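> A structural model of the following input is requested.
(one chain, ligands or ions: 1)
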Amino acid sequence: MKGKLIKSSLIVLLAGFLLVGYYYSYMIRLVFIDSFGFIEIADEIYTQKKFSEKDQKKAINLISEARQRVTDYYGEPLANPKILFVSDDEEATKLNLPKGIPGVAYLTPWESYIILDANKIGIDVVAHELVHAEILARLGYLKRTMEIPTWFDEGAALQVDFRHHYIDLPTITSAEFFRVTALDKPSKFWSDDAQQNIRNYQGAKAAYAKLLGQNSSVGLYYILDKVKQGEDLLSLIDRLRQE
Ligand SMILES: [Zn+2]
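Down below sits the predicted model:
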């Protein structure tokens, strides 16, 4: 009886592992990326092996320009995420980069991964994803998950993202401000409606800029340090606004 129980527990456990492995196979690929046809062309920057020397250089330059943009706006970043460039849809799918999307960040408790489609990517998306990785690096996984509302995370990232949807935004109305700052969880921020998602991004960028005002460029690292030490994000922003 006991033997049977152990055997069925093992089967359930194995099935569980297989299921997790199936749904999160991209994560296994990311962790062991060297074994999946990628090479490290610079510190933590990877491309598929088939990239020409010219395309490798292009990738390295893009990352350094995006880092410079983040440095110019927020100050020098600390994060050193693993950045992967892919150049074909098949590999992009295997790494769970959604179709039509130029780049995505997977922020895990052990590492930040930024996956970029070399054919679609530009400096805006890279700088945007680097800010997400920076927030994680400065706060740690748990604090970021628990303390940082999604609209703030996106708002901070969008300050260095100048894609055409996200520039020259009108002044945010108070109704829109309250709507957006209630989008504190990923499940509230994103929906299946692409247009609504763009409006949420625009609102998050405007709400962040409105709240932080003159601190919007210099204040992020200070805010993250304070939150890491235990301050509440929203009370801290309130205090900064009154100073
Ligand atoms: Zn984002």
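> among the helices and strands of the chain, which has the poorest mean pLDDT?
helix 2-23 (a mean of 62; mean pLDDT, DSSP states H and E).
> residue boundaries of the strands in the protein?
Ranges of strands within the chain are 38-42, 45-48, 82-86, 103-107, 112-117, based on DSSP state E.
> pLDDT (mean, whole number) over the longest one?
In this model, strand 112-117 has a mean pLDDT of 96.
> Name every strand pairing with that strand and say which way it goes.
Using DSSP bridges, strand 112-117 pairs in its sheet with strand 82-86 (parallel), strand 103-107 (antiparallel).
> Can you tell me which of these is packed in deepest?
With neighbours defined as mean count of other C-beta atoms under 10 Å, the strands paired with strand 112-117 peak in mean count at strand 82-86, which reaches a mean of 25. Just so you know, the C-beta spots here come from the backbone N, C-alpha and C atoms, and that holds for glycine as well.
> how far does that one sit from the chain's center?
Chain-centre distance of strand 82-86: 13 Å, with C-alpha atoms, centre = their mean, to the nearest Å.
> can you check stretch 149-169 too?
On C-alpha atoms, centre = their mean, the centre of stretch 149-169 falls 12 Å from the chain's centre.
> Give me the neighbour count for the nearest residue to F36 once chain neighbours are set aside.
Nearest in space to F36, with sequence neighbours left out and distances taken as C-beta to C-beta, 6 or more residues apart in numbering, is R29 at 5.2 Å. R29 sits with 19 neighbouring residues when counted by other C-beta atoms under 10 Å.
> Just to check, R29 is in contact with L95?
Yes: R29 lies in contact with L95 (C-beta atoms under 8 Å); the separation is 6.2 Å.
> ok, now which ones touch the residue nearest to F36?
R29 sits next to F36, K94, L95 when contact means C-beta atoms under 8 Å, 6 or more residues apart in numbering.
> Brilliant, that's me finished.
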